[in-house]
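S.K.: kindly return the folded structure for what I paste below:
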Amino acid sequence: MRVHPEPYIEHLGTYLSNGEILEIGCGNGLRSKRLAPYCRSILAIDPDKDMIAVAKAQHPDPLIIYREGSALDLDDLNTSFDSVVFTLSLHHIPASLMGKAIERAARVVRKSGYVIFIEPTFTGSLFEAELAFDACDGDERAQKALAYYSMLTSTSLYEVEEFYGKTVFEFDSLRDFQDTMKPKRELRSLPGFMEKHKNTLTAQRRINVYQAAT
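M.R.: As a prediction, this is how the structure comes out:
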């Protein structure tokens, strides 16, 4: 699988201003690497130690420190950042703790810095595959909606901008999709779906930029 360049990163980079960035939910480090040209340094954390190992191996960069960590443990960092970026991660936090994660991010961002959320939406052929075939993370509509609600109702932040981008996933073959996204149902329909989309699926991203309320 190949993930095409994401033009929205360039617009997002205008908010990072060559600053010291905390990335929450770095996963395999792909977007850490793509954010790096707009930053002075990145502390990229993820609660999955195996993903941290993958990130270090696949996307090393002298500007990036990969470390096991959680959005709920930010007080333990004993430092502050010019901006905080939640990379496709807020909706993975338990619903009852989303607000707490946002509050902690607002506490560690410096004055005039930004708290940024990159989140998946309900649009795109990858989203269709998640629903139809229980692929990738499956049906996350409820979690996505709760994440958006938690942003909009947070008293720790005020909104600066909302904009949208797209991620394009190109698969080498049907087998590549199966190995990568692990579909679990309606598998007889999968070859036709992938042929229709020529093994290339898209996912819309919503980017919300906030500053900490004073």
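S.K.: got the CA coordinates for the helix or strand harbouring Leu12 in PDB?
M.R.: According to DSSP states H and E, Leu12 maps onto helix 8-16. C-alpha atoms of helix 8-16 as PDB (Å, rounded to 0.1, in the frame of the first residue of the first chain):
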ATOM      1  CA  TYR A   8      -3.600  19.600   3.400                       C
ATOM      2  CA  ILE A   9      -0.400  19.100   5.400                       C
ATOM      3  CA  GLU A  10       1.100  22.100   3.700                       C
ATOM      4  CA  HIS A  11      -1.800  24.400   4.800                       C
ATOM      5  CA  LEU A  12      -1.600  22.800   8.300                       C
ATOM      6  CA  GLY A  13       2.200  23.600   8.300                       C
ATOM      7  CA  THR A  14       1.400  27.300   8.300                       C
ATOM      8  CA  TYR A  15       0.200  27.000  11.900                       C
ATOM      9  CA  LEU A  16       3.300  25.100  13.000                       C
END
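S.K.: tell me where the protein has helices.
M.R.: Under the criterion DSSP state H, the chain carries helices at the ranges 8-16, 30-35, 49-58, 98-108, 125-133, 141-152, 174-181, 190-196.
S.K.: by contact count, what packs against the helix holding Leu12?
M.R.: Packing contacts for helix 8-16, counted by 3 or more C-beta pairs under 8 Å, 6 or more residues apart in numbering; DSSP states H and E, involve helix 30-35, strand 81-87, strand 109-120, strand 157-170, strand 200-212. (Each C-beta comes from the backbone N, C-alpha and C, glycine too.)
S.K.: out of these, deepest packed?
M.R.: strand 81-87 (a mean of 25; mean count of other C-beta atoms under 10 Å).
S.K.: wait, doesn't Leu72 sit right on Gly99?
M.R.: No. In this structure, Leu72 is not within contact of Gly99 by C-beta atoms under 8 Å, at 11.2 Å.
S.K.: before we move on, back to that, what does the helix holding Leu12 rub up against?
M.R.: 31, 34-35, 37-39, 82-83, 85, 114, 116, 118, 160, 163-166, 205, 207, 209 (C-beta atoms under 8 Å, 6 or more residues apart in numbering).
S.K.: what residues are up against Thr87?
M.R.: 23-27, 31-32, 118.
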